[in-house]
Structure formats: C-alpha cells, structure tokens
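Visitor: Need a 3D model of the sequence below.
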Amino acid sequence: MSQPQPSPDLAALARRLNGTWKLAGGVEGSVTFEPLDGGFFLLQHVDLDSHGVAIKGLEVIGHNKPFQGEPAAEITSRFYGNAGDTLDYVYELDGDILTIWGGEKGSPACCTTTFSADGDSMAGAWVWPGGGYEYTATRVG
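Guide: Okay, here's the model as predicted:
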C-alpha cells in the first residue's frame, strides 16, 4: 500500500497563504496560516477586530475524507470561533484569484481576493446578502 500524498490544489493554496498576514479595511488584525504536519491540512489562526468586536479562532482547511473513503474534490474548512461559531467554507484558488464561499460553493456569502504579482499582498471583499466589507492584507512573516 502506498503512502497517501497531499493534494496538489491544497499544496498550492498553502504556498499562497503560508505565513502571517496583517489585515486592514473592514477588519483589522492578523491571520496566520500554517500547514499541519503531513501537508493534508492548513491551519488558520485568526485574531481580528470587526467594528469593535474581537474575532479569534482556528480554521482547519483541507479535503474532507470520510473513514476508509476517498478525499472530497473540494477544499473545505471549518472555523471555530471565540463566540461559539462553527462556520463552514469552500476554498477555490484559480491563478491569482482566491474565492471563499460561506457554506457551500455558489453561496451568496463569498469572498473574492486577488494576490499581488509578488504574492506578498492581496486585496479582496466579503459580500453577503445585506452587507460586506473590503480589505487588504500584507504578508508580515
């Protein structure tokens, strides 16, 4: 039996996001992405302020794989937050464009982000029915 390997699409996402990012705009603070040993999951540590509300948490990003099953095609995640939230997302990286949907792919709650040519900054916007915000992020570590 051969040793399983992480998916190329998750590895590409991890390369783009790895490190600590300082965010400004509709949210302020930082997020840090780090691969979990083995490369099958990417962890995001969140420490943000949104209009005076502290958002702290951990997100686990990867391909769902049921017991004795095959990994799902989509990169999904679950966010565990300090307000008791457990939020699900779907990630898709296409060149310099990262799209994150809240819930399921195609959801009206989504974020579209564009990476700079050097990959050390990005600009994007979260939108959802009745709201949203724009942000920028710069890799600081």
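
Visitor: number of nearby residues for residue 122?
Guide: 21 (other C-beta atoms under 10 Å). All C-beta atoms are positioned from the backbone trio N, CA, C, and that covers glycine.

Visitor: Pairing partners for it in the sheet, please.
Guide: residue 115, residue 137 (DSSP bridges).

Visitor: where do the helices sit along the chain?
Guide: 8-17 (DSSP state H).

Visitor: mind checking the end-to-end distance for stretch 99-117?
Guide: 17 Å (C-alpha to C-alpha, to the nearest Å).

Visitor: same question, stretch 72-85
Guide: 24 Å.

Visitor: Name the residues that touch it?
Guide: The contact list for stretch 72-85 (C-beta atoms under 8 Å, 6 or more residues apart in numbering) reads 7, 9-10, 13, 44, 46, 54-65, 86-92, 105.

Visitor: Quick one, which of those residues are buried?
Guide: Neighbour counting with 16 or more other C-beta atoms under 10 Å marks 7, 10, 13, 44, 46, 55, 57, 59, 61-63, 89-91 as buried within the contacts of stretch 72-85.
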